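Student: Quick one, structure for this:
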Amino acid sequence: MKYFAQVGEQEYVIEIGQDGEPILIDGEPYAIDFRRMPGSGFVSLLLNHRSLEGVVEQRDGRWEVLIRGNLYDVTVADERTYRLARARGELTAVSGAAAIKSPMPGIIIAVPVQVGDVVRKGDKVAILESMKMENELRAPTDGTVVEVLVEAGASVEKDQLLVMLGDEPPMPTAD
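Tutor: Here you go, the predicted structure:
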């Protein structure tokens with residue numbers, strides 16, 4: 001079975017064969033063993049005999065993958081869905097409103113943006129410490145920061161809204 005995954009601006013073709021066969025990613029074989037820990041979003045992944053741990057959660061038809069302190073926004077589609085979306089022009093959105101939420105409980109280390117800042121997809125908007133690791137939360141789209149709901153030192157819960165992006169510049173305030 002063939003799938004198409006988009007991670008940031010990079011697109012990957014993933015082919016999954018029979019059990020025991022390596023998975024092909026862009027034609028390259030990878031030995032993969034993926035396990036979800038019961039009752040949580042935590043996962044264990046052996047990739048070509050290299051161990052990785054992370055958090056994987058589905059949100060609004062997308063996947064958020066947190067590995068080694070980096071948060072990735074991932075979309076995955078089977079071949080039929082991908083080709084239909086491409087034909088409809090649905091794979092090109094790069095700006096718009098977005099809500100950046102905490103992928104897990106932790107403490108905000110820094111918020112390097114403020115209301116009115118223009119950010120590009122992939123720009124750092126918050127740094128969250130969780131499980132003794134610093135996790136950089138990045139803008140999923142181009143946009144303007146319209147609301148910052150946390151500050152450094154704040155304790156946050158999983159799914160707590162941290163920063164809101166909009167596709168319009170904020171209205172000027174009267175002095």
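Student: looking at the protein, which helix or strand is least sure?
Tutor: The weakest-scoring helix or strand in the chain, judged by mean pLDDT, DSSP states H and E, is helix 79-88 (a mean of 74).
Student: could I have that helix exported to PDB, CA atoms only?
Tutor: Only the C-alpha atoms of helix 79-88 are listed here, as PDB (Å, rounded to 0.1, in the frame of the first residue of the first chain):
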ATOM      1  CA  GLU A  79      -2.800   7.200  -2.700                       C
ATOM      2  CA  ARG A  80      -6.400   7.700  -3.700                       C
ATOM      3  CA  THR A  81      -7.100  10.500  -1.200                       C
ATOM      4  CA  TYR A  82      -3.800  12.200  -2.100                       C
ATOM      5  CA  ARG A  83      -4.500  12.200  -5.800                       C
ATOM      6  CA  LEU A  84      -8.000  13.500  -5.300                       C
ATOM      7  CA  ALA A  85      -6.800  16.300  -3.000                       C
ATOM      8  CA  ARG A  86      -4.000  17.200  -5.500                       C
ATOM      9  CA  ALA A  87      -6.600  17.400  -8.300                       C
ATOM     10  CA  ARG A  88      -8.800  19.700  -6.200                       C
END
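Student: Check what contacts whichever helix or strand comes after that helix and list those residues.
Tutor: Remark: after helix 79-88, the chain's next helix or strand is strand 98-101, criterion DSSP states H and E. Where contact means CB atoms under 8 Å, 6 or more residues apart in numbering, the residues beyond strand 98-101 that reach it are 59, 125-126, 137, 139-141, 143, 159-165. All C-beta atoms are positioned from the backbone trio N, CA, C, and that covers glycine.
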